[in-house]
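Enquirer: The following block contains a protein sequence and its predicted model.
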Amino acid sequence: MRALLAVISLLMAGCSTSRPPIPEQPNAPTSEGIVAAVGKQWDTADQKVAASVSIARENADRPDIVRSETSVALSFLPPPEPGELEIARARAAKADQKDYAQATAFGKNLLASIDKNWAKVEADNKEALRVSQLKDARIAELTKAVEQAKKDMASQMWTMAAVGTAVIGALAMAFAGPKIGISLLASAAAIGAFPFIVESEYFSYIVGTAMALAAGLGLWYLWDKVKDANNKPDEQPPPQV
């Protein structure tokens, strides 16, 4: 387990040094649909308010049209606060064009600030989506690297087991005879090839063939044991004195 953690740490360290760091994700929604939908609704409401107020100004000499169009415009706006109503009433009672000019300039500046901030929201939304996709891709890449590390470690373990079995098979060839030695060497080859066989697209065919060979070897072993038993000379009873 410690070896696996060490391999994962090395892989993650290699990924962090070989790739640029992921930029900080803005504090914004990662779905473009939310911001786009709100922005579209906002633009629609602004355009309808502007259109109604413009028509009311064009028909300033017709009070009924002015009331109707401004009623339409007000339907797209929240109710005004009492303080704002008092300011507007005082401005109308005074009827000073300087006050109207200042209020108009304030409104234009406020609208420009809102448009600027909304543009930043849309830009942050796109950047948040981009960074989120980068994070998802990096997570998928690291997950793949961890899985590959597990496979490599398992393959190394099978290789070490195959080498150990081959050494034992070589010793058995020298001291216990070729029958045991060859069996161990064949087992070593099978152990070493196991991880490659499992990941092969022909795994089912290989398993079937291996089972057939194992069955054949088992039958041969039984036949050989029976043959040896039949060829063994009968023990003669000791001669009677």
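Expert: Sure thing, it's come through.

Enquirer: give the contact list for residue 20.
Expert: Under the criterion of C-beta atoms under 8 Å, 6 or more residues apart in numbering, residue 20 has no contact partners. No exception for glycine: its C-beta is placed from N, CA and C like everyone else's.

Enquirer: pLDDT at it, what is it?
Expert: The score at residue 20 is 71. That number is its pLDDT.

Enquirer: Could you do residue 24 as well?
Expert: 75.

Enquirer: Apart from its chain neighbours, what residue comes closest to it?
Expert: residue 131 (7.5 Å; C-beta to C-beta, 6 or more residues apart in numbering).

Enquirer: in terms of contact, does that neighbour touch residue 26 like I think?
Expert: Yes. Taking contacts as C-beta atoms under 8 Å, residue 131 lies within contact range of residue 26: 7.5 Å.

Enquirer: Spit out the contact partners of the residue nearest to residue 24.
Expert: 22, 23, 24, 25, 26.

Enquirer: any idea which helix or strand comes after the strand or helix carrying it?
Expert: Assigned by DSSP states H and E, residue 131 belongs to helix 97-175. Following helix 97-175 in sequence order, the next helix or strand is helix 178-198 (DSSP H and E).

Enquirer: picking up where we left off before, may I see the PyMOL selection of the buried members of the contacts of residue 131?
Expert: The PyMOL command for the buried members of these (criterion: 16 or more other C-beta atoms under 10 Å) is given here:
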select buried, resi 25+26
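
Enquirer: what's the closest of the contacts of residue 131 to residue 220?
Expert: Using C-beta to C-beta, the shortest approach to residue 220 within those belongs to residue 22, at 61.4 Å.

Enquirer: can I assume the closest one is in contact with residue 135?
Expert: Yes. Counting by C-beta under 8 Å, residue 22 touches residue 135, with 6.1 Å between them.

Enquirer: intersection of neighbour lists for the two?
Expert: Common neighbours of residue 22 and residue 135 (C-beta under 8 Å, 6+ apart) do not exist.

Enquirer: For the protein, which residues score under the pLDDT cut-off?
Expert: Filtered on pLDDT under 70, the chain yields the residue ranges 1-19, 27-33, 190, 194-203, 206-207, 232-241.

Enquirer: Closest to the geometric centre of the protein, which residue is that? Let me know.
Expert: By C-alpha atoms, centre = their mean, the chain has its centre lying nearest to residue 136, at 3.8 Å.

Enquirer: can you give me phi and psi for residue 77?
Expert: phi -120, psi 150 (degrees, to the nearest 10).

Enquirer: Who are the contact partners of it?
Expert: residue 49.

Enquirer: Check residue 93 too.
Expert: So residue 93 contacts nothing (C-beta under 8 Å, 6+ apart).

Enquirer: now the helix holding residue 131 and helix 178-198, what's the angle there?
Expert: Helix 97-175 runs at 170 degrees relative to helix 178-198, counting by axes from the mean of the first three to the mean of the last three C-alpha atoms, to 10 degrees.

Enquirer: 786 is where my numbering starts, stick with that
Expert: New numbering, starting at 786: the last item is helix 882-960.

Enquirer: Off-centre distance for helix 882-960?
Expert: Here helix 882-960 is found 7 Å from its chain centre; the criterion is C-alpha atoms, centre = their mean, to the nearest Å.

Enquirer: The protein - how does it break down into domains?
Expert: The chain breaks down by automatic domain parsing into domains covering 817-929, 932-1014.
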